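My questions are about this predicted structure, shown below with the sequence.
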Amino acid sequence: MALLPILIAPDKRLKQKSTPVSRVDGSIRQLMDDMLETMYAAPGVGLAAPQVGVLQQVIVVDIGTEQDKHLHAPLLLANPEIIHREGELPWKEGCLSVPEHMAEVVRSAVIKIRALDHNNRTIYIEATELLAVCLQHEMDHLRGILFIDHLSRLKRTIILQKLKKAAETKE
Ligand code: NI
């Protein structure tokens with residue numbers, strides 16, 4: 001396993017669309033393992049492949065043992081699709097690619113998704129609360145959407161300017 005560098009907004013790669021995985025083979029499993037290690041080290045509860053510069057539809061999620069213990073976290077998923085959603089749920093979100101900023105986003109309260117697991121098997125997951133929020137957030141990344149894209153233009157601009165400034169002072 002290896003730690004991968006996490007891209008920080010406004011990196012252009014975070015705005016691109018990822019392509020579906022044709023099948024979850026050894027190299028995709030390796031990517032999933034590396035992403036999981038990177039996410040735990042950060043630490044975070046979810047990570048999408050474009051955040052490590054790989055434009056493929058792969059996400060990893062582990063919300064710990066707070067809920068849905070029967071799901072045996074972590075989840076390592078390819079080509080996730082929402083096949084059912086209902087309700088609304090506001091949640092204060094953060095993102096490893098938008099460090100040190102949090103904001104409330106309204107997500108669907110209940111979702112059902114279809115995805116490929118790490119063994120290339122089709123699985124269905126029904127999620128609520130933090131798990132539902134996290135899955136929707138990571139799936140947004142696969143379409144080049146960050147949680148700040150759900151905010152007003154003004155709020156988004158302020159956050160992006162702060163991130164740019166922080167990156168400049170680091171150099
Ligand atoms: Ni994120």
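Arrived safely, thanks for sending.

ok, the residue sitting nearest the centre point of the chain to Gln161 distance?
Centrality entry for the chain: nearest residue to the mean C-alpha point is Glu138, 2.3 Å, by Cα atoms, centre = their mean. As judged by Cβ to Cβ, to the nearest Å, Glu138 and Gln161 stand 25 Å apart. Yep, even glycine has a C-beta here, placed from its N, CA and C like the rest.

Show me where the protein has its helices.
In the chain, the helices defined using DSSP state H lie at 26-41, 129-141, 153-170.

What helices and strands are in contact with the least confident helix or strand in the chain by mean pLDDT?
Lowest by mean pLDDT, DSSP states H and E among the helices and strands of the chain is helix 153-170, with a mean of 93. Packed against helix 153-170 by the contact rule (3 or more Cβ pairs under 8 Å, 6 or more residues apart in numbering; DSSP states H and E) you find strand 98-107.

that older thread, identify the spatial nearest neighbour of the residue nearest to the centre of the chain, chain neighbours not counted.
Computed as Cβ to Cβ, 6 or more residues apart in numbering, the closest residue to Glu138 that is not its neighbour in sequence is Ile59, at 4.0 Å.

just checking, what packs against the longest strand belonging to the chain?
Of all the elements of type strand in the chain, the one with the most residues (DSSP state E) is strand 75-86. Packing partners of strand 75-86 (3+ Cβ pairs under 8 Å, 6+ apart): helix 26-41, strand 58-61, strand 110-116, strand 122-128, helix 129-141.

Dump it to CSV, keeping only the CA atoms.
The C-alpha coordinates for strand 75-86 follow below in CSV (Å, rounded to 0.1, in the frame of the first residue of the first chain):
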residue,chain,number,x,y,z
LEU,A,75,-16.8,0.4,1.5
LEU,A,76,-14.6,0.2,-1.6
LEU,A,77,-16.7,1.0,-4.7
ALA,A,78,-16.5,1.4,-8.4
ASN,A,79,-19.1,3.0,-10.8
PRO,A,80,-21.5,3.9,-8.0
GLU,A,81,-25.0,5.1,-9.2
ILE,A,82,-27.9,6.4,-7.2
ILE,A,83,-31.0,4.4,-8.2
HIS,A,84,-33.3,5.9,-5.6
ARG,A,85,-33.3,9.0,-3.4
GLU,A,86,-35.8,10.6,-1.1
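
Name the residues of that strand that are buried.
Judged by neighbour count (16 or more other Cβ atoms under 10 Å), strand 75-86 contains these buried residues: Leu75, Leu76, Leu77, Ala78, Asn79, Pro80, Ile82.
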